[in-house]
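Peer 1: Structure, please.
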Amino acid sequence: MRRRLIQSTLAVVLVVIAVFGVSLVIVETRTITSSAQESVDSEALRLVSIVDSRLLGGEHITSGVLSKQIGADRYARIEMPGRPTVEIGTHPTGSVIRGTATGEENETVTVEARHSSVTREVGRTLLIIGAVALLAVIAAVLLAVRQANRLASPLTDLAETAERLGSGDPRPRHKRYAVPELDRVADVLDSSAERIARMLTAERRLAADASHQLRTPLTALSMRLEEITVTDDLETVREEATIALTQVERLTDVVERLLTNARDPRTGSAVAFDLDEVVKQQIEEWRPAYRSAGRAIVCSGRPEMRAVATPGAVAQVLAALIENSLMHGGGTVALRTRVTGNQAVIEVTDEGPGVPADLGARIFERSISGRNSTGIGLAVARDLAEADGGRLELLQQHPPVFALFLSREARTRKDVKPPERPVR
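Peer 2: Below is the predicted model:
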């Protein structure tokens with residue numbers, strides 16, 4: 001591109017020099033020639049007037065008398081009726097410029113000059129014009145090189161930016177070049193880089209969330225299938241198969257939920273549902289894992305509560321909290337349901353050491369974990385809760401108390417508070 005810009009600029013300058021240079025040479029040549037002719041004519045008129053005045057005074061006209069009246073490079077011939085012809089100077093050879101004048105005594109004065117003087121003057125003018133043209137060409141080349149670098153370097157940078165985007169490096173460069181068109185391209189590339197970065201982040205987040213959210217249902221499904229393979233009791237096989245099918249349905253719900261959140265994290269399918277059923281299902285699902293760890297999981301609080309949310313999302317949030325207590329907590333894990341205002345609350349607590357003070361304010365951030373875990377379980381749980389219009393909070397650090405707040409179902413009759421269920 002640099003070469004093309006230089007060549008095009010130089011071509012334009014050469015055309016301009018050719019057009020105006022030739023015209024200027026023609027005009028200057030004619031001007032010099034006309035000036036030389038006028039000079040000879042003027043000298044002839046001046047000489048004839050001198051001759052007239054001397055003839056009228058009766059003086060004798062000789063070359064010696066008139067030799068100082070013309071230039072040294074001129075030749076003059078004076079023809080007078082009845083008198084000899086007078087010649088001044090050396091008659092030039094070759095091409096000449098001639099001027100003639102006639103006086104009152106009918107004398108004729110002819111002045112001639114060599115045409116070579118005009119040629120020399122034209123040559124000097126051509127040299128000056130050529131020097132100016134050469135300077136113009138040099139200036140044009142320098143300007144073209146500078147302009148080419150100014151345009152080509154930004155284009156090279158933009159090409160490198162596009163190549164980096166194509167190779168998977170979406171970092172915007174935020175570099176501008178003081179050229180509106182190029183700056184516009186740079187703006188578009190930076191915007192594209194930011195969009196690609198967001199897309200890559202969303203894809204990585206989806207992959208991390210999927211691996212974390214699918215791990216627990218797959219583990220539970222694996223345990224049920226292992227129970228089926230080691231038993232010969234048909235009733236046990238039927239029971240375990242039913243539970244396995246439930247786990248498969250949960251896996252399907254988890255996948256659909258993840259895909260929905262990937263498209264729009266605020267898109268939910270909230271419905272009114274029985275909160276006890278979700279809590280009971282989670283306790284039954286996690287009780288074998290807690291029994292294997294020598295721990296217990298119980299529930300208490302207000303029964304027959306109905307909330308407005310996505311049952312599958314609520315189950316995933318509770319599963320994340322229960323799994324977090326299994327991995328990081330200790331002792332018995334308790335799920336407690338209660339009502340506050342127009343919200344239903346599910347609290348999950350255990351008897352472990354709790355949340356460290358330095359992690360309390362950041363416990364729901366991604367990649368924040370008290371141990372060697374992924375650190376995304378609570379972050380995913382919070383996103384699922386917020387997608388249904390709820391919220392997940394850490395109410396207490398020692399012992400840890402996590403609370404899931406959900407909207408309650410609107411009632412058309414007086415809400416009669418049933419007695420709280422005992423711990424079981």
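Peer 1: can you give me the strands for the stretch 1-150 of the chain?
Peer 2: 74-79, 86-88, 96-102, 108-114 (DSSP state E, counting those that start in this stretch).
Peer 1: Could I get those in TSV, plus columns for distance to Leu218 and mean pLDDT?
Peer 2: No exception for glycine: its C-beta is placed from N, CA and C like everyone else's. Below are the strands of the stretch 1-150 of the chain laid out as TSV (distance: least, C-beta to C-beta, whole Å; pLDDT from 0 to 100):
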stretch	distance to Leu218	mean pLDDT
strand 74-79	118	86
strand 86-88	126	85
strand 96-102	112	88
strand 108-114	112	87
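Peer 1: could I get those as TSV with mean neighbour count and distance to Ser222?
Peer 2: Formatted as TSV, the strands of the stretch 1-150 of the chain follow (neighbours: other C-beta atoms under 10 Å; distance: least, C-beta to C-beta, whole Å):
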stretch	mean neighbour count	distance to Ser222
strand 74-79	20	123
strand 86-88	19	131
strand 96-102	17	117
strand 108-114	22	117
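Peer 1: Could I get these in TSV, plus columns for distance to Glu347?
Peer 2: Below are those laid out as TSV (distance: least, C-beta to C-beta, whole Å):
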stretch	distance to Glu347
strand 74-79	125
strand 86-88	133
strand 96-102	119
strand 108-114	121
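Peer 1: Now do the buried residues in stretch 224-234.
Peer 2: Arg224, Glu227 (16 or more other C-beta atoms under 10 Å).
Peer 1: thinking again about what came up before, nearest to Val255, of the strands of the stretch 1-150 of the chain?
Peer 2: strand 96-102 (104.7 Å; C-beta to C-beta).
Peer 1: Glu104 and Val51 touch, don't they?
Peer 2: No. Using C-beta atoms under 8 Å, Glu104 is not in contact with Val51, being 9.6 Å away.
Peer 1: which one of the two has more residues nearby?
Peer 2: Val51 (25 against 12; other C-beta atoms under 10 Å).
Peer 1: Please report how far the more buried one lies from Gly99.
Peer 2: 14 Å (C-beta to C-beta, to the nearest Å).
Peer 1: ditto for Ile346
Peer 2: 122 Å.
Peer 1: same check, this time on Ser116
Peer 2: On the measure of C-beta to C-beta, Ser116 and Gly99 end up 17 Å apart.
Peer 1: count of neighbours near the closest residue to Leu55 other than its chain neighbours?
Peer 2: In space, and not counting its chain neighbours, Leu55 is closest to Glu105: 4.8 Å by C-beta to C-beta, 6 or more residues apart in numbering. Neighbour count for Glu105, taken as other C-beta under 10 Å: 15.
Peer 1: I'd guessed Leu200 sits against Pro170; true?
Peer 2: Yes. Taking C-beta under 8 Å as the definition, Leu200 is a contact partner of Pro170 at 6.4 Å.
Peer 1: The two - which one has more neighbours?
Peer 2: In terms of neighbours (other C-beta under 10 Å), Pro170 is the more surrounded of Leu200 and Pro170; the figures are 18 against 12.
Peer 1: May I have the phi/psi pair for the more buried one?
Peer 2: Main-chain torsions, Pro170, degrees, to the nearest 10: phi -90, psi 20.
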